[in-house]
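*Asks:* Fold the following and give me the result.
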Amino acid sequence: MSSIPTIKFGVPGDKITVPRIGLGTMTLTGGYGSFDIAESTAILNRAIDIGCTFWDTADSYGFGANEKLLGSVLNQRGENVFVGTKFGLLLKNPGPDFDGDFSKIFQGISGTPEYVREQVESSLESLGVDRIDLYYQHRVDPSVPIEVTVGAMAELVKEGKVRYLGLSECTADELRRAYKVHPIAAVQFEYSPWTTDIERNGVLDACRELGVTVVAYSPLGRGFLAGNIRKNEDLDKTDWRRSNPRFQQESIDNNLKLVEGLDALAKKHGKSKVQMTLAWLLTQEPNMIVIPGTRRVKYLDENSGAGNITLTDEEIRDIRQLVDSIDIKGSRY
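*Replies:* Next up, the predicted model:
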């Protein structure tokens, strides 16, 4: 069994202990191509077995199917599972003919109080819970002041429908403004060796200033840093990464320099590349949780096993020097 480090999580006056290595569940019901529902269910059960019990979902994942999948497991053995879900992305379900092109299904963002209330009721029903542990705004609605949206979210806390509030991909200014309305427990941001924007855009500084936990999604670069993607055609035809700028062939050819560099460092230090990468990320900020996703139980075990890895100062420095030396090609979206 893996030994996953823990962290104190929450808001002033209300802190609980959660694992620092959690589970991003988006791909369990699509997004990265085909999936097997039996394997997805097995991953969730295995995650409970090994203490990987900080789960991340969203009402948009699988067009609602993701929350329902989690709910089917939570109903049986979810007593010790901490679940965060998100609202705000307006997506059109294309049905079985979806080719993975996100632009064809994206219809906007909503942060209106009416939408907040409508979606929390939907998520509560899908998850089969009386209270959501962590409720995020998936993306900030530019047409609705953050104070208005968070004000509506705060009402859900008062009513006992939500325990903690979070934001995803916000700016430092938006976080500070939101925090004045209601304490924010977590900010979710993409953070990995090929995406370190949070270190430079002020968000990490704002999180430290306010005591907000960073939840790092895609800590393995949407699977790219695992090293199994060499060409765009390696991706399933329904995988949305096929249309992502960072996964176009010119970008892949350039960005493989980072994968090869991580390969070399892992061999030099006699460690698993994936585990070394996740362990390195955890050293960058003590108040942080990483949520790698997977569609295979064996990779869940490997990811969670990063908690057993202790990096030396030399190893931490070697990875940072590698990260800083490579100019990653392709925008994130």
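*Asks:* For residue 95, give me the pLDDT.
*Replies:* Predicted confidence (pLDDT) for residue 95: 71.
*Asks:* What is the burial count for it?
*Replies:* 7 (other C-beta atoms under 10 Å). Every C-beta, even on glycine, is put in place using the N, C-alpha and C of the backbone.
*Asks:* likewise residue 248?
*Replies:* There are 15 residues near residue 248, going by other C-beta under 10 Å.
*Asks:* next one: residue 142
*Replies:* 10.
*Asks:* Look up the pLDDT of it for me, please.
*Replies:* 96.
*Asks:* That one reaches residue 110, doesn't it?
*Replies:* No. With contact defined as C-beta atoms under 8 Å, residue 142 and residue 110 do not form a contacting pair (11.0 Å).
*Asks:* For residue 93, which non-adjacent residue is spatially closest?
*Replies:* Computed as C-beta to C-beta, 6 or more residues apart in numbering, the closest residue to residue 93 that is not its neighbour in sequence is residue 63, at 4.2 Å.
*Asks:* pLDDT (mean, whole number) over the helix or strand that contains residue 262?
*Replies:* Assessed by DSSP states H and E, residue 262 sits inside helix 249-269. Per-residue pLDDT over helix 249-269 has a mean of 96.
*Asks:* helix or strand right after that helix?
*Replies:* As assigned by DSSP H and E, the chain's next helix or strand after helix 249-269 is helix 273-284.
*Asks:* Quote the end-to-end distance of stretch 18-30.
*Replies:* End-to-end span of stretch 18-30 (C-alpha to C-alpha, to the nearest Å): 27 Å.
*Asks:* I'd like the distance from it to the chain centre, please.
*Replies:* Centroid separation between stretch 18-30 and its chain, computed with C-alpha atoms, centre = their mean, to the nearest Å, is 7 Å.
*Asks:* Surely residue 300 is in contact with residue 49?
*Replies:* No. At 10.0 Å, residue 300 does not count as touching residue 49 under the criterion of C-beta under 8 Å.
*Asks:* Those two: who's more crowded?
*Replies:* Using other C-beta under 10 Å as the criterion, residue 300 and residue 49 rank with residue 300 on top: 23 against 14.
*Asks:* got the angle between the host helix or strand of that one and helix 273-284?
*Replies:* Here residue 300 sits within helix 297-304, counting by DSSP H and E. With axes from the mean of the first three to the mean of the last three C-alpha atoms, to 10 degrees defining the directions, helix 297-304 sits at 30 degrees from helix 273-284.
*Asks:* Which positions in the helix or strand just after helix 297-304 come out as buried?
*Replies:* Next helix or strand after helix 297-304 toward the C-terminus (DSSP H and E): helix 313-325. Going by neighbour count (16 or more other C-beta atoms under 10 Å), the buried part of helix 313-325 is 315, 318, 319, 322, 323.
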